[in-house]
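> Kindly generate the corresponding structure for this input.
(one chain, ligands or ions: 2)
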Amino acid sequence: MNTFTSVKQLGDLKKALEAAKYVTANPFADKALGQDKTVLLVFFNNSLRTRLSTQKAALNLGMNVMVLDVNQGAWKLETARGVVMDGDKSEHLLEAIPVMGSYADIIGVRSFARFESREDDYNEVILNQFIKYSGKPVFSMEAAIRHPLQTFADLITIEQYRQKARPKVVMTWAPHPKALPQAVPNSFAEGMSMTDFDFVIANPEGYDLAPEFTKGIRVTHNQDEALEGADFVYAKNWASYEHYGQVLSKDMNWTVTKQKMALTNDAFFLHCLPVRRNMIVSDEVIESPRSLVIPEAANRVVSAQTVLKMLLQDL
Ligand code: AN0
Ligand code: CP
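Ligands and ions are numbered 1, 2, ... in the order given. Below is the predicted model of the structure:
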């Protein structure tokens, strides 16, 4: 593997989950693999989990790690070509990327949807420039339309906790005050399409995800109906795809509460975090024994380490 931008690149999911299981049981077994190799983690956006779990994963593999917060201390970057750079941006991405590439063996990139242009976001203009111009293997740490390391951690978590071969998994939209990207839900839908689980997406009208991510998936605008008999509830907010980047609803009837969870088959609760309590999910639900948010976040190390291993093996 020499890029990782979609969970589909894991190929055979069963094999990838076995590789993850090995990493969980033997976190330090591959220290020699990463020796004298440097991973550079480039953040255009904030992060807690991705930053720490990817660093930890790289350290477990014996790698050297460098982290760059583009918005803190680096030169302000221009990203569009052809611009007369007479404003506040001192450097162009077209120089910055190959320079970064010359310092690293593998590059991770976090660049969220900017909601300026649906076309630019859905074409992953920033991530793709890293792939094109860095000369190094690139992996996504959440780009504009996918968050594959999160989805892989979600798949690992469901694998660890599922009690039946074909659990019912419900991904539900929930309210949030700000416009959030579709990367996490898009990616989760992609991950679910690699399984034969009974997967349903519930969201209000106007919030259907892009057709490329919902093909063949049941989508309902009735949350209660979706939650019935669920074994896993995956909550997430996202802004509208159709009315791109808009917040059309903050309907608190979509918050995942104890009453909502009572409709399920004593479901486990999942969320990628960070989560806004009592908007997305009630205190009671996130603190309940069925909440898996902490083990799910812990699995981000496993997910990153498994993927870094695959990238290192093909260097
Ligand atoms: C981001 C998002 O929704 O994509 C990151 C989640 C992992 N969340 C926020 O910006 C709050
Ligand atoms: N889930 C996740 O990616 O969290 P961070 O935004 O904190 O990295």
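> Which positions within whichever helix in the chain runs longest qualify as buried?
What stands out as the longest helix in the chain, according to DSSP state H, is helix 293-313. Neighbour-count burial for helix 293-313 flags 293, 296-312 (criterion: 16 or more other CB atoms under 10 Å). In this view, the C-beta of every residue, glycine as well, is placed from N, C-alpha and C.
> Report all helices and strands that it contacts.
Contact partners of helix 293-313 among helices and strands, from 3 or more CB pairs under 8 Å, 6 or more residues apart in numbering; DSSP states H and E: strand 3-4, helix 13-25, helix 49-60, strand 106-110, strand 138-140, helix 148-161, strand 268-270.
> who wins for proximity to Gly73 among these?
Counting by CB to CB, Gly73 lies closest to helix 49-60 out of the helices and strands packed on helix 293-313; the figure is 15.2 Å.
> what sits up against the closest one?
27-28, 30-31, 34, 39, 41, 43, 64-65, 67, 108, 110, 141-142, 149-150, 272-273, 297, 300-305, 308 (CB atoms under 8 Å, 6 or more residues apart in numbering).
> C-terminal to that helix, what's the next element?
strand 64-69 (DSSP states H and E).
> wait, does that next one contact ligand 2?
No. Strand 64-69 stays clear of ligand 2 (CB under 6 Å from any ligand atom), getting no nearer than 12.3 Å.
> tell me the domain ranges of the protein?
When the chain is parsed with automatic domain parsing, its domains come out as 3-146+299-313, 150-296.
> In TSV, list those along with mean pLDDT.
Shown next, in TSV, are these (pLDDT from 0 to 100):
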stretch	mean pLDDT
domain 3-146+299-313	98
domain 150-296	98
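> Could you export those to JSON lines, including columns for distance to ligand 1?
Listed next are these as JSON lines, based on distance: least, CB to the nearest ligand atom, whole Å:
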{"stretch": "domain 3-146+299-313", "distance to ligand 1": "6"}
{"stretch": "domain 150-296", "distance to ligand 1": "4"}
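> For Val256, give its distance to Val125.
Applying CB to CB, to the nearest Å, one obtains 34 Å for the distance of Val256 from Val125.
> what about the two, which has more around it?
Each of Val256 and Val125 has its neighbours counted (other CB atoms under 10 Å); Val256 has more, 25 against 18.
> Send me the longest helix of the chain as PDB with only the CA atoms.
C-alpha atoms of helix 293-313 as PDB (Å, rounded to 0.1, in the frame of the first residue of the first chain):
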ATOM      1  CA  VAL A 293     -16.400   5.800  23.000                       C
ATOM      2  CA  ILE A 294     -13.200   5.300  25.000                       C
ATOM      3  CA  PRO A 295     -12.200   1.800  23.700                       C
ATOM      4  CA  GLU A 296     -13.200   3.200  20.200                       C
ATOM      5  CA  ALA A 297     -10.700   6.000  20.700                       C
ATOM      6  CA  ALA A 298      -8.100   3.600  22.100                       C
ATOM      7  CA  ASN A 299      -8.400   1.600  18.900                       C
ATOM      8  CA  ARG A 300      -7.200   4.600  16.900                       C
ATOM      9  CA  VAL A 301      -3.700   3.500  17.900                       C
ATOM     10  CA  VAL A 302      -4.300   0.000  16.500                       C
ATOM     11  CA  SER A 303      -5.900   1.400  13.400                       C
ATOM     12  CA  ALA A 304      -3.000   3.800  12.700                       C
ATOM     13  CA  GLN A 305      -0.300   1.200  13.600                       C
ATOM     14  CA  THR A 306      -1.800  -1.400  11.300                       C
ATOM     15  CA  VAL A 307      -2.000   1.100   8.400                       C
ATOM     16  CA  LEU A 308       1.500   2.500   9.100                       C
ATOM     17  CA  LYS A 309       2.800  -1.100   9.100                       C
ATOM     18  CA  MET A 310       1.300  -1.700   5.700                       C
ATOM     19  CA  LEU A 311       2.900   1.500   4.300                       C
ATOM     20  CA  LEU A 312       6.300   0.700   5.800                       C
ATOM     21  CA  GLN A 313       6.200  -2.800   4.400                       C
END
